[in-house]
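Undergrad: just coords:
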RNA sequence: GGCGACAUAGCCAAGUGGUAAGGCCGUGGAUUGCAAAUCCAUUAUCCCCCAGUUCGAAUCUGGGUGUCGCCUCCA
């Protein structure tokens, strides 16, 4: 099967074909850096990170660019609230962004261009749009004339007449720039400087870029006139991406992107998680409570385009599911030596049938949930076989097959960004020594022989509190393992 | 008001014409002094409703109902 993707532009799935053979130019609309990231941002970053990994695994060389929008009203507001500058605010939240993504295990993009570093490209685009008659100046601002671009609305599937019929009252009443616009849905490419705000020189006077234009400029500068994949949150489809298309395509006459992919929103109690509703959980709050890998699993279990409901129950479920997957991933590190196989990865050992099934699932519009079923199938078996080893039973799967399954599981998990810490389980710096534990276990056995179950249970609870699980086997034998 | 998406067990969720993946939770049994851990087994006669197409539909068509998103900043 070949990779098929759902394209917002055509509202249908189609076979994925790149412009240049085996190369993908991919752009993700990143964040505006005025606050800590929340779970919604995590979903976007996680999903497109895994898509990137999957494309690379599929044999493409991916040039993945994600921007930071670091000029914006919200950043300026935050700066004045905190009595500081735009630069200080954006620096703080860019650093926070990288910390959060590191914890989530999101890979680095190839570059993170910033609006403030792209002023020449932005001004050049605005100038060209003006020259070609798509833009007009008004009192130091410059606006894009949407009526000049016949295809305006093609991405989000709307018509100017319909928009006007629906929203005209509100638009005119609430838009302070309305009086400068020739048409209500025209949008600002360049905004005249306001007192005390950062500003750059331009042919239209001192000012700063509008929202949208920076992405058109950064795509052009970093990836060229037409790219393969443009991604972002579904809420950016309109107006942000629609406006990017209008800006870029009016200038170049070429499609901005061949494939437009959008991820679904995070829902909380039936409502979208968003800043304006205040119903968001920041990534750092979230990671204080949940394992980053459980969060990743929670996100990847849902089809990327569908809304996902965030609630305690779902996260708890994902946490338990991750425990299962982790058991499978740790199998080789825990029992490989005992079984006589190496823990270094060896592609020749991968199970082609399992990998083929994984690929068939995921090739269908990045159906990660379908792919995960394969991982669980393997992990469940390895977990079971690992337990048999701990309980000193007979393995049902041959050593060769176990090694093959484990190698395959690690390989597939890596594509999806799952990683279990193999150190974790061997580290018990402040814990009891093996001798201490054995002594306590013997004490408990003695107590039980004397029917002093209270004492026996006390020792058991004490050890459990240290993460040591006792297993009473038939015949009065007790073995133990570190949780 | 306009545009769009979705509706599968207690929860999450895959499946897009051939008779319901997977995960979580739960249940029964084995084991145990009781537990824990583990093992074995088990959990939708049916896919929001109605009508139609078809030998056959969760899957296609038409009509409802419901939920959500975008139309203003938003991942």
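TA: Good, I have the coordinates. Predicted model, so just to flag it, every value in this text is computed and none were measured.
Undergrad: show me what contacts residue A:238?
TA: Contacts for residue A:238 (CB atoms under 8 Å, 6 or more residues apart in numbering) come out as A:155, A:156, A:158. Using the backbone N, CA and C atoms, a C-beta is placed for each residue, glycine as well.
Undergrad: give me the buried positions along stretch A:404-422.
TA: A:404-413, A:415-418, A:420 (16 or more other CB atoms under 10 Å).
Undergrad: identify the farthest-apart pair in the residues you listed.
TA: A:404 and A:417 (22.4 Å; CB to CB).
Undergrad: for the stretch 51-200 of chain A, which segments count as helices?
TA: Taking DSSP state H, counting those that start in this stretch, the helices of the stretch 51-200 of chain A run over residues A:73-81, A:86-104, A:119-131, A:160-174.
Undergrad: ok, residues contacting the shortest one?
TA: So the one you mean is helix A:73-81. Contact with helix A:73-81 is made by A:32, A:33, A:34, A:35, A:85, A:86, A:88, A:89, A:90, A:197, A:198, as judged by CB under 8 Å, 6+ apart.
Undergrad: buried only: go through those for me.
TA: Buried residues within the contacts of helix A:73-81, counting neighbours by 16+ other CB under 10 Å: A:32, A:33, A:34, A:35, A:86, A:89, A:90, A:197, A:198.
Undergrad: give me phi/psi at the fourth one?
TA: According to degrees, to the nearest 10, the main-chain angles of residue A:35 amount to phi -160, psi 170.
Undergrad: give the contact list for the closest residue to it other than its chain neighbours.
TA: Nearest residue to residue A:35, sequence neighbours excluded (CB to CB, 6 or more residues apart in numbering): residue A:93, at 6.4 Å. Residue A:93 makes contact with A:33, A:34, A:35, A:36, according to CB under 8 Å, 6+ apart.
Undergrad: ok, now which ones touch the second one?
TA: This points to residue A:34. Going by CB under 8 Å, 6+ apart, residue A:34 touches A:72, A:74, A:75, A:77, A:78, A:89, A:90, A:93.
Undergrad: ok, the last one next?
TA: Residues in contact with residue A:36 (CB under 8 Å, 6+ apart) are A:93, A:96, A:100, A:282, A:283, A:284.
Undergrad: just give the nearest non-adjacent residue to residue A:252, would you?
TA: Closest to residue A:252 by CB to CB, 6+ apart is residue A:225, at 4.4 Å.
Undergrad: distance check, the one you found against residue A:159.
TA: With distances taken as CB to CB, to the nearest Å, residue A:225 is found 27 Å from residue A:159.
Undergrad: residue A:229 too?
TA: Taken as CB to CB, the span from residue A:229 to residue A:159 is 26 Å.
Undergrad: the buried residues of stretch A:404-422 in strands, which ones?
TA: Among the buried residues of stretch A:404-422, none falls in strands (DSSP state E).
Undergrad: pick the one among the contacts of helix A:73-81 closest to residue A:187.
TA: Using CB to CB, the contacts of helix A:73-81 come closest to residue A:187 at residue A:32, 16.1 Å.
Undergrad: which ones are touching the closest residue to that closest one other than its chain neighbours?
TA: The shortest distance from residue A:32 to any non-neighbouring residue, by CB to CB, 6+ apart, is to residue A:69 (4.3 Å). By CB under 8 Å, 6+ apart, the residues touching residue A:69 are A:30, A:31, A:32, A:33, A:114, A:115, A:211, A:214, A:215.
Undergrad: report the entries of these that also contact RNA strand B.
TA: With CB under 7 Å from any atom of the strand as the criterion, the contacts of residue A:69 include A:30, A:31, A:32, A:211 near RNA strand B.
Undergrad: how is chain A divided into domains?
TA: A:19-284, A:290-425, A:428-482 (automatic domain parsing).
Undergrad: ok, of those, where does mean pLDDT dip lowest?
TA: When the domains of chain A are ranked by mean pLDDT, domain A:428-482 comes last with a mean of 84.
Undergrad: how distant is that domain from the center of its chain?
TA: Averaging C-alpha positions (CA atoms, centre = their mean, to the nearest Å) puts domain A:428-482 43 Å from its chain's average.
Undergrad: likewise stretch A:8-19?
TA: With CA atoms, centre = their mean, you get 21 Å for stretch A:8-19.
Undergrad: which bits of the stretch 1-150 of chain A sit near RNA strand B?
TA: Residues of the stretch 1-150 of chain A lying near RNA strand B by CB under 7 Å from any atom of the strand: A:11, A:29, A:30, A:31, A:32, A:40, A:41, A:43, A:44, A:69, A:72, A:74.
Undergrad: what's the most distant pair in those residues?
TA: A:11 and A:74 (31.4 Å).
Undergrad: residue contacts, residue A:235?
TA: Contacts of residue A:235 by CB under 8 Å, 6+ apart are A:265, A:272, A:274.
Undergrad: just to revisit the earlier point, with secondary structure and distance to residue A:475 added, can I get the contacts of residue A:69 in TSV?
TA: TSV is the format used below for these (DSSP: H, G, I helix; E, B strand; the rest coil; distance: CB to CB, whole Å):
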residue	secondary structure	distance to residue A:475
A:30	strand	62
A:31	strand	61
A:32	strand	66
A:33	coil	64
A:114	strand	68
A:115	helix	71
A:211	coil	73
A:214	helix	72
A:215	helix	69
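Undergrad: list only buried entries from those.
TA: Neighbour counting by 16+ other CB under 10 Å classes A:30, A:31, A:32, A:33, A:114, A:115, A:211, A:214, A:215 among those as buried.
Undergrad: give me the phi and psi for the residue in chain A positioned nearest to RNA strand B.
TA: Closest contact between chain A and RNA strand B, by CB to the nearest atom of the strand, is at residue A:233 (1.7 Å). Torsion angles at residue A:233 (phi, psi; degrees, to the nearest 10) stand at phi -70, psi 150.
Undergrad: before we move on, what about residue A:299?
TA: When read as degrees, to the nearest 10, the backbone of residue A:299 gives phi -70, psi -40.
Undergrad: that one is in contact with residue A:40, isn't it?
TA: No. Judged on CB atoms under 8 Å, residue A:299 makes no contact with residue A:40 at a distance of 10.6 Å.
Undergrad: with adjacent residues omitted, what lies nearest to residue A:26?
TA: Using CB to CB, 6+ apart and skipping residues adjacent in sequence, the residue nearest residue A:26 is residue A:229, 4.4 Å away.
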